[in-house]
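1. Predicted structure and sequence below. I'll ask about it afterward.
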Protein chains: 2
Amino acid sequence: MQKNPPQCQFVAALDSIVGKWKPVILYHLLQGKPLRFNELRRLLPDITQRMLTLHLRELEADEIVTRVVYPQIPPKVEYSITEYGQSLAPVLETLHQWGAAHMERKRLIKAQREQNETD
Amino acid sequence: MQKNPPQCQFVAALDSIVGKWKPVILYHLLQGKPLRFNELRRLLPDITQRMLTLHLRELEADEIVTRVVYPQIPPKVEYSITEYGQSLAPVLETLHQWGAAHMERKRLIKAQREQNETD
DNA sequence: CAGAATCCGAATAGATACTG
DNA sequence: CAGTATCTATTCGGATTCTG
């Protein structure tokens, strides 16, 4: 990455939440309930096992989620959001708001353009 | 992307600001002053011409920046943030704040760990 | 159940050379 | 000056197989 200070901090934030599946993972974990590995898989029908593992490991490294292993057979692993991870909630909310408005805006522009074409 | 609605809107927002260089480009343009192509290059010493062009084109397509061509020789092209693009400012600011705190946190944790190693 | 390991293809980004 | 075009290197994600 760059040495540019503002950029760095920005990217530090993005690294924690960007990734093809991180937003959804966080979305579900932020509901508060701890989720098992396969529960998450069910909630994200299209994710591969591999990507789920990788993303969870990154979130764990950032201390945004915790991984609790119950030593039993069959194994049980629960993921939950940390207190620190909860500080992401407003950040995600802000992004979500803007994203929703942005999609609506694009939709409107597209509709207008199609209207003009029929003129 | 997924069909999951919350995810979609989230990603719509991220698409507009994520990309290896978009955050810095936006950071500079949000200062308010229109910038020429090569001015941006100088502000982003490590970006390639190609990536700068590509990212600017995407931002233009999202109507976040405007591209004004002055038909003269040598050519002059100025990029500036649109009014709509300015609505991103608070979003970026939120991310930046969290990112700064996150980096500081990591730094502290690392320092602590190194302290423990000398015990 | 919750993964680790390996392999492969697709998407991203950089390097370089050329142009109106 | 402000790009295009092309080619290559790197990264990322998916598919598949195996395991405690």
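-> Alright, I've got the coordinates. This one's a predicted model, so the numbers in the text were calculated from it and none came from an experiment. Numbering: from 1, shown residues only, chains lettered A, B, ... in the order given.
2. Now do the strands in chain A.
-> With DSSP state E applied, chain A shows strands at A:35-36, A:65-70, A:76-81, listed in chain order.
3. Include mean neighbour count, mean pLDDT and distance to residue A:53 when you put those into JSON lines, please.
-> Glycine gets a C-beta too; all of them are placed from N, C-alpha and C. JSON lines is the format used below for these (neighbours: other Cβ atoms under 10 Å in any protein chain shown; pLDDT from 0 to 100; distance: least, Cβ to Cβ, whole Å):
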{"stretch": "strand A:35-36", "mean neighbour count": "17", "mean pLDDT": "98", "distance to residue A:53": "13"}
{"stretch": "strand A:65-70", "mean neighbour count": "14", "mean pLDDT": "98", "distance to residue A:53": "10"}
{"stretch": "strand A:76-81", "mean neighbour count": "17", "mean pLDDT": "98", "distance to residue A:53": "10"}
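4. Turn those into JSON lines, including distance to residue B:94.
-> Written out in JSON lines, the entries for those read as follows (distance: least, Cβ to Cβ, whole Å):
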{"stretch": "strand A:35-36", "distance to residue B:94": "26"}
{"stretch": "strand A:65-70", "distance to residue B:94": "21"}
{"stretch": "strand A:76-81", "distance to residue B:94": "18"}
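5. what's the closest of those strands to residue B:37?
-> Using Cβ to Cβ as the criterion, the shortest distance between residue B:37 and the strands of chain A is 42.0 Å, found for strand A:65-70.
6. So which of the strands of chain A is nearest residue A:16?
-> Between residue A:16 and the strands of chain A, the tightest spacing by Cβ to Cβ is seen for strand A:65-70, at 10.7 Å.
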